[in-house]
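*Asks:* what's the 3D shape of this:
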Amino acid sequence: GKSGLIAIDAPGQQVLPRTAVRIDRTRFEVRLSVGLPAAGRTILGREAERLLTETVPHIVREGVLRADRARLRRHLELADQQAAIRAWLREQGCVAFVADGSVLPRESGASDRPMKGESVVPFRSPASLAAEIPVPHRGAPIRGMAIPKGVTLIVGGGYHGKSTLLHALERGVYNHVEGDGREYVITEETAVKIRAEDGRRVECVDISPFISNLPFGKRTDRFSTDDASGSTSQAANIMEALEMGAQVLLIDEDTSATNFMIRDARMQRLVAKSKEPITPFVDKVRQLYEQHGVSTVLVVGGSGDYFQVADTVIMMDEYVPADVTEQARRIAAEFSGGRAAEGGDSFGSVTPRAISPGSFDATRGRREKVDAKGLSTILYGVHAIDLSQVEQLVDPSQTRAIALMLQELAKQTESGSGGELTLKEHIDRLYERIAAHGLDVLSPYRGKHPGDLALPRKLELAAAVNRLRTLRARAK
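*Replies:* Purely as a prediction, here's the structure:
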């Protein structure tokens with residue numbers, strides 16, 4: 001079993017607030033897990049003594065007291081630079097930045113480390129989108145591609161790097177460690193990857209901006225289902241993200257429902273709008289930006305109809321980006337395609353939801369059972385919450401934190417006026433406590449430290465709540 005095991009929660013490529021190490025003005029605390037040597041159910045005393053008095057102190061001396069101070073300083077200086085780029089994006093009205101020389105491809109589908117070798121093509125910004133950002137601890141500014149707010153398309157042939165760029169932008173909501181290759185790939189912190197998710201649960205979500213007039217009079221302004229389709233799940237994912245305050249949507253057509261993304265002129269001729277419940281995203285993406293200020297970065301390879309609504313078009317050619325915005329506009333003007341817009345005059349409203357007491361029922365038998373299993377599953381009572389398609393979860397320690405956060409939200413909804421608060425208000429309240437007291441407030445060990453938690457974003461916590469089979473909500 002764990003006899004003799006000494007472990008610490010190891011970080012990955014992303015920089016996350018963690019409980020494995022805690023530093024304040026008076027102390028430096030490293031939190032280890034130690035499995036005492038045992039034979040069956042009996043602790044081996046002398047072996048345990050050596051482990052605790054010799055082995056653990058040796059690890060502390062070598063791993064903490066003799067830490068590479070130069071490397072630590074570089075890490076802190078890199079964090080300052082990343083913060084400066086994020087501030088620059090806010091000031092300049094941009095949603096993302098990709099520095100020249102960045103290495104975006106990963107070494108394999110199962111690895112988050114950078115690809116190496118002669119075939120790697122370092123990123124190089126097109127001149128028209130290039131920006132130079134002054135940062136501290138560096139003599140020269142950092143040059144790279146700045147993506148402005150609005151509707152941005154990433155186009156190009158298959159296997160030329162479209163999805164690789166989008167994936168880097170997805171992970172750019174987090175800072176990265178030195179040597180990752182994406183240290184200076186920075187994305188607006190609330191950017192959310194949106195995809196279709198067949199079979200997921202949806203509870204009382206207003207998807208009417210995209211879907212209405214369902215057969216048999218089923219409501220879409222209060223839409224609930226235990227088995228969402230591709231189009232309804234993608235609509236729900238967007239509206240839930242907007243409910244939580246997302247300012248950027250990241251979408252890849254490869255993981256989207258086709259009928260949600262586009263309805264071409266020929267299909268419009270054959271199937272009248274009165275018989276089609278879905279208003280495709282192409283007819284809403286422009287309104288979403290102009291009326292709600294929410295930008296979209298969209299990978300497309302099969303529909304030029306998006307040219308007419310785009311502010312910026314980036315073509316990936318053998319992993320090298322080019323600004324083809326003007327060319328795309330000329331093509332859109334020349335080939336109108338005869339397609340009629342179906343989005344109406346406005347995007348529609350984003351409706352907050354109040355969470356009903358009893359939504360967080362984790363009862364299994366006579367006890368409450370909440371447990372995280374790896375990166376993408378939480379066992380909650382008799383149900384499993386599937387987070388496998390919540391693509392910006394990057395560390396199992398985040399999932400463990402989400403499992404404990406669900407228990408805290410359960411307490412909040414059951415107390416006082418908790419049933420009157422919206423989902424966003426509940427999550428904001430919990431994060432205010434964490435900001436004041438640290439992730440230790442989630443500890444299930446009655447005051448003892450939890451050493452294996454990492455902070456998820458509010459958006460991923462909300463995604464877990466929204467996939468909870470016992471969730472009950474109402475529109476406010």
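*Asks:* in terms of helices and strands, where is A354?
*Replies:* Assigning secondary structure by DSSP states H and E places A354 in strand 353-355.
*Asks:* what packs against that strand?
*Replies:* Applying 3 or more CB pairs under 8 Å, 6 or more residues apart in numbering; DSSP states H and E, one finds that strand 353-355 makes contact with strand 202-205, helix 423-437, strand 473-475. In short, each C-beta sits where N, CA and C put it, glycine included.
*Asks:* other residues contacting it?
*Replies:* By CB atoms under 8 Å, 6 or more residues apart in numbering, the list of residues contacting strand 353-355 from outside reads 203-205, 243, 409, 413, 418-423, 426, 465, 471-476.
*Asks:* ok, stretch 42-57 next?
*Replies:* With CB under 8 Å, 6+ apart, stretch 42-57 has contacts from 4, 6, 32, 34, 36-38.
*Asks:* neighbours of E432, how many?
*Replies:* 10 (other CB atoms under 10 Å).
*Asks:* CA atoms of the longest helix that the chain contains as PDB?
*Replies:* What stands out as the longest helix in the chain, according to DSSP state H, is helix 69-92. The C-alpha trace of helix 69-92 is given here as PDB (Å, rounded to 0.1, in the frame of the first residue of the first chain):
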ATOM      1  CA  ARG A  69      17.500  30.600  -5.700                       C
ATOM      2  CA  ALA A  70      18.400  31.800  -9.300                       C
ATOM      3  CA  ARG A  71      15.600  29.600 -10.700                       C
ATOM      4  CA  LEU A  72      13.200  30.800  -8.100                       C
ATOM      5  CA  ARG A  73      14.000  34.400  -9.000                       C
ATOM      6  CA  ARG A  74      13.400  33.700 -12.700                       C
ATOM      7  CA  HIS A  75      10.100  32.200 -11.800                       C
ATOM      8  CA  LEU A  76       9.000  35.300  -9.900                       C
ATOM      9  CA  GLU A  77      10.200  37.600 -12.600                       C
ATOM     10  CA  LEU A  78       8.300  35.600 -15.200                       C
ATOM     11  CA  ALA A  79       5.200  35.900 -13.100                       C
ATOM     12  CA  ASP A  80       5.700  39.700 -13.100                       C
ATOM     13  CA  GLN A  81       6.000  39.700 -16.900                       C
ATOM     14  CA  GLN A  82       2.900  37.600 -17.300                       C
ATOM     15  CA  ALA A  83       0.900  40.000 -15.100                       C
ATOM     16  CA  ALA A  84       2.200  42.900 -17.200                       C
ATOM     17  CA  ILE A  85       1.000  41.300 -20.400                       C
ATOM     18  CA  ARG A  86      -2.400  40.600 -18.900                       C
ATOM     19  CA  ALA A  87      -2.700  44.300 -17.800                       C
ATOM     20  CA  TRP A  88      -1.700  45.400 -21.300                       C
ATOM     21  CA  LEU A  89      -4.400  43.200 -22.900                       C
ATOM     22  CA  ARG A  90      -7.000  44.900 -20.700                       C
ATOM     23  CA  GLU A  91      -5.800  48.400 -21.400                       C
ATOM     24  CA  GLN A  92      -5.500  47.800 -25.200                       C
END
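*Asks:* circling back to that earlier point, which among the contacts of stretch 42-57 end up buried?
*Replies:* P37 (16 or more other CB atoms under 10 Å).
*Asks:* which ones are touching C94?
*Replies:* Per CB under 8 Å, 6+ apart, neighbours of C94: 88, 131, 146-149.
*Asks:* where in the stretch 351-476 of the chain is pLDDT low?
*Replies:* Where the stretch 351-476 of the chain drops to pLDDT under 70, the residues are 446-448.
*Asks:* where along it do the strands fall?
*Replies:* 353-355, 363-364, 367-368, 370-373, 377-380, 383-386, 473-475 (DSSP state E, counting those that start in this stretch).
*Asks:* buried deepest among the ones you listed, which one?
*Replies:* strand 353-355 (a mean of 23; mean count of other CB atoms under 10 Å).
*Asks:* next, the angle from the following helix or strand past the longest helix of the chain to helix 69-92.
*Replies:* Going down the chain from helix 69-92, the next helix or strand is strand 94-99, by DSSP H and E. Interaxial angle of strand 94-99 relative to helix 69-92 (axes from the mean of the first three to the mean of the last three CA atoms, to 10 degrees): 140 degrees.
*Asks:* okay, the closest residue to E414 other than its chain neighbours and R143: tell me how far apart.
*Replies:* Nearest non-adjacent residue to E414, counting by CB to CB, 6 or more residues apart in numbering: P357, 5.3 Å away. In this view, P357 and R143 are 54 Å apart by CB to CB, to the nearest Å.
*Asks:* ok, back up a step: now tabulate the contacts of stretch 42-57 in TSV and tack on pLDDT, distance to E318 and secondary structure.
*Replies:* TSV is the format used below for these (pLDDT from 0 to 100; distance: CB to CB, whole Å; DSSP: H, G, I helix; E, B strand; the rest coil):
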residue	pLDDT	distance to E318	secondary structure
G4	85	51	coil
I6	91	47	strand
L32	87	47	coil
V34	91	51	strand
L36	92	56	coil
P37	92	56	coil
A38	91	57	strand
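*Asks:* turn the contacts of stretch 42-57 into a markdown table, including distance to L169.
*Replies:* Formatted as a markdown table, these follow (distance: CB to CB, whole Å):
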| residue | distance to L169 |
| --- | --- |
| G4 | 43 |
| I6 | 38 |
| L32 | 36 |
| V34 | 40 |
| L36 | 46 |
| P37 | 48 |
| A38 | 48 |
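*Asks:* could you give the number of residues near the closest residue to Q81 other than its chain neighbours?
*Replies:* Take Q81 and drop its neighbours on the chain: the residue closest to it by CB to CB, 6+ apart is V135, 4.1 Å away. Neighbours of V135 under the rule other CB under 10 Å: 19.
*Asks:* ok, now the one 5 residues further on?
*Replies:* Around A140 sit 8 other residues, with neighbours defined as other CB under 10 Å.
*Asks:* likewise S415?
*Replies:* 10.
*Asks:* L44 now?
*Replies:* Neighbours around L44, by other CB under 10 Å: 15.
*Asks:* where do the helices of this protein begin and end?
*Replies:* Remark: helices assigned in the chain by DSSP H are 45-50, 56-60, 69-92, 162-171, 230-243, 258-261, 265-270, 285-292, 325-334, 396-414, 423-437, 458-466.
*Asks:* relative to G302, which of those is closest?
*Replies:* For G302, the closest of the helices of the chain is helix 258-261, at 8.7 Å, according to CB to CB.
*Asks:* so who does the closest residue to V15 other than its chain neighbours touch?
*Replies:* Among residues not flanking V15 along the chain, N175 sits closest, at 4.2 Å (CB to CB, 6+ apart). Contact analysis of N175 by CB under 8 Å, 6+ apart lists 14-15, 78-79, 82, 183, 186.
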